[in-house]
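Participant: Quick one, fold the following:
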Amino acid sequence: MLRELRADDLVELKRILAATEAFTPAEVDVAMELLEIVIKEPAQRDYEVAVAEALGKVAGYVLFGPVPATVGNFDLYWIAVDPAAQGTGVGQRLLEHVEAEVRKRSGRMVCLETSSQGGYSRTRSFYEKAGYLLESSIRDFYKPGDDRLTYVKRF
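Facilitator: Model prediction:
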């Protein structure tokens, strides 16, 4: 089940972000700042969140939004699934939700970025299986030896 973000989700989402071990503490802080913007500024239009529940518990979330000053482009900023729920289709449902929302708005593409580090190989495989193509790479973007990989899915 997918639903809108609620303020009482924040503690559990922070736990999930940390539990994935995919994000640095600084990245978790950024993710939480964006979630708080969505809660505190309901009229803002930059970020949208869908929260996934499984067995009555928060299982993950996705945060996405339109790219300013573009026509039909959307960024997928964050997606995180509780490690206990990974491999059960939660991430796929979240990704499909983003794509459905983008299509409803006549969007042309979804862009996302991830790391080239070995620990992200499962993440990259997840995106590739969903039809996302590696569009660009910026060497040493995050730190020396850690490239920024941009994936795109066009509609």
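Participant: What strand or helix carries residue 37?
Facilitator: helix 25-40 (DSSP states H and E).
Participant: could you check the angle helix 25-40 makes with the helix or strand just after that helix?
Facilitator: Later in the chain than helix 25-40, the nearest helix or strand by DSSP H and E is strand 48-54. Interaxial angle, strand 48-54 versus helix 25-40 (axes from the mean of the first three to the mean of the last three CA atoms, to 10 degrees): 100 degrees.
Participant: From the contact counts, what lies against strand 48-54?
Facilitator: Judged by 3 or more CB pairs under 8 Å, 6 or more residues apart in numbering; DSSP states H and E, strand 48-54 is in contact with strand 2-3, helix 25-40, strand 57-66, helix 90-104. In this view, the C-beta of every residue, glycine as well, is placed from N, C-alpha and C.
Participant: circling back: contacts for the helix holding residue 37, please.
Facilitator: If you take CB atoms under 8 Å, 6 or more residues apart in numbering as the criterion, helix 25-40 is touched by 5-7, 9-10, 13-14, 17-18, 23, 44, 46-49, 61, 63, 77-78, 80.
Participant: rerun at 7 Å
Facilitator: Helix 25-40 has contacts (CB atoms under 7 Å, 6 or more residues apart in numbering) with 5, 7, 10, 13-14, 17-18, 23, 44, 47, 49, 63, 77-78.
Participant: what's the least confident helix or strand in this structure, going by average pLDDT?
Facilitator: Within the chain, no helix or strand scores below helix 121-129, which has a mean of 94 by mean pLDDT, DSSP states H and E.
Participant: List the buried residues for that helix?
Facilitator: Within helix 121-129, the residues that count as buried by 16 or more other CB atoms under 10 Å are 123-124, 126-127.
Participant: CA atoms of the helix or strand just after that helix as PDB?
Facilitator: Sequence-wise, the next helix or strand downstream of helix 121-129 (DSSP H and E) is strand 133-143. Output of strand 133-143 as PDB, limited to C-alpha atoms (Å, rounded to 0.1, in the frame of the first residue of the first chain):
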ATOM      1  CA  LEU A 133      19.700   3.500 -18.800                       C
ATOM      2  CA  LEU A 134      23.100   4.900 -17.800                       C
ATOM      3  CA  GLU A 135      23.100   8.400 -19.400                       C
ATOM      4  CA  SER A 136      26.300   9.900 -17.900                       C
ATOM      5  CA  SER A 137      29.100   9.500 -15.500                       C
ATOM      6  CA  ILE A 138      31.100  12.200 -13.700                       C
ATOM      7  CA  ARG A 139      34.400  10.800 -12.500                       C
ATOM      8  CA  ASP A 140      35.300  11.500  -8.900                       C
ATOM      9  CA  PHE A 141      32.100  13.500  -8.200                       C
ATOM     10  CA  TYR A 142      31.400  12.400  -4.700                       C
ATOM     11  CA  LYS A 143      35.000  11.800  -3.800                       C
END
